[in-house]
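Student: From the sequence below, what's the structure:
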Amino acid sequence: MSSEQSVKNVLTEQIRQGIKNHVSTAQETDEAEAGSDALSFQSTVCPQRHVWIDTSVEGIGVDLEDWDSDDEWDNAVARVLGSSPDETVELVQIWLSGANLEDYYLDLNKAYKRLTKKKQFFAQT
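Tutor: Prediction:
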């Protein structure tokens, strides 16, 4: 990320700060720098894992990408809606830590639908 961060809308900035404060495995990238309603993070422990967050959709759109996966044109393994900034931060934390999403969520999807949580994630710090 460049030393000057792009200006983000209030919701996007709230999510950005939550990720910076609670997701030690997240490195913000420049991919979403131009948009006021988008964020992009890459895992520092699983560099093939990437997250794209878009707050311009109804809800919080989250694309979870694995650059080693060729199943989709954009390497997405899930495209889901976060219902709140806190839920979105936890989803990012789980994905970028290298954990298996299916251990924590039911109904993973690629249709921007909400997830049902199976169990709480407790990060190793």
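Student: isn't V89 right next to A26, touching?
Tutor: No - using CB atoms under 8 Å, V89 is not in contact with A26; the gap is 9.4 Å. Where you see a C-beta, it was placed from the backbone N, CA and C, and this is true even at glycine.
Student: Between these two, which contacts overlap?
Tutor: In the contact map built from CB atoms under 8 Å, 6 or more residues apart in numbering, the residues linked to both V89 and A26 are I19.
Student: List the buried residues of stretch 106-121.
Tutor: Taking 16 or more other CB atoms under 10 Å as the basis for neighbour counts, the residues of stretch 106-121 that come out buried are L108, Y112, L115.
Student: So what touches it?
Tutor: By CB under 8 Å, 6+ apart, stretch 106-121 touches 57, 59, 61, 72, 76-81, 83, 90-91, 93-94, 97, 99, 101-105.
Student: Show me these that map onto helices.
Tutor: E90, L91, Q93, I94, S97 (DSSP state H).
Student: By neighbour count, which of those wins?
Tutor: For the ones in helices among the contacts of stretch 106-121, the largest neighbour count, defined by other CB atoms under 10 Å, is 24 neighbours, found at L91.
Student: Could you spell out the sheet neighbours of the least confident helix or strand in the chain by mean pLDDT, each with its direction?
Tutor: Of all regular secondary-structure elements in the chain, judged by mean pLDDT, DSSP states H and E, the least confident is strand 116-117 with a mean of 88. According to DSSP bridges, strand 116-117 forms sheet pairs with strand 105-106 (antiparallel).
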